[in-house]
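A.B. asks: this one's sequence-less:
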C-alpha cells in the first residue's frame, strides 16, 4: 500500500512539475518589439504622393531593416535584431495602410500594389530563415510577423478582386 501511495505521489508531482514547466516556457517569451520607425523616415515615406514613389521608398527601408536583422541574427544577436524587425513591421503596415487609403483605383495604383506584394512575398522566406535559427523564446514574435506579412499581402491584393462588374459590350 505504501509503495502505491509513493508511486502515486511521485506521478502527481511529475505531472504538476511538467505543467508548471510548460507554463513557464510560454511566460518567458521575449516581448515583441515596438512597430515604429524614425520620424525622418516616416516623413520621407509620406512625402511622395505618387504611389510608385511611396513603394520605392518603402522597399528601400524594408530591405535595409531586414538586412540588418539578418546580419544580427547570423551573429546570434537576436535581441538586437528585434528592434530592426519591429521597424520593418512598422514600415510594412504603414505603407499598406497608406496605399489602401490613398488608392484611386487607377492602373498606377495597381502596379504599385503588385510591386509591393511581390517584394513582401520575397521577404517571407528570409524572415522564416531567421525564425528557424532563433531560440524558442524569440519564435513567437517571428511567427506573428510572418502571419502579419501574409495578412498585409492579402490586403494589398484585395483591390484586384473588387466588386466591380465588367459590362459586356
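C.D. replies: Happy to help now that I have it. The structure presented is a predicted model; accordingly, all values stated were derived computationally and were not measured.

A.B. asks: from here on, contacts and neighbour counts on C-alpha atoms
C.D. replies: OK.

A.B. asks: average pLDDT across whatever helix or strand residue 148 lives in?
C.D. replies: Using DSSP states H and E, residue 148 sits in helix 136-157. Computed over helix 136-157, the mean pLDDT rounds to 94.

A.B. asks: Go ahead and confirm residue 110 touches residue 160.
C.D. replies: Yes - at 7.4 Å, residue 110 counts as touching residue 160 under the criterion of CA atoms under 8 Å.

A.B. asks: Look at these two and report which has more neighbours.
C.D. replies: Between residue 110 and residue 160, counted using other CA atoms under 10 Å, the more crowded position is residue 110 (20 against 12).

A.B. asks: ok, that one to residue 158 distance?
C.D. replies: In this structure, residue 110 and residue 158 are 10 Å apart, going by CA to CA, to the nearest Å.

A.B. asks: With residue 59 instead?
C.D. replies: Applying CA to CA, the value for residue 59 to residue 158 is 20 Å.

A.B. asks: which one of these two has more residues nearby?
C.D. replies: Legend: neighbour count by other CA under 10 Å for residue 59 and residue 158, higher for residue 59 (20 against 11).
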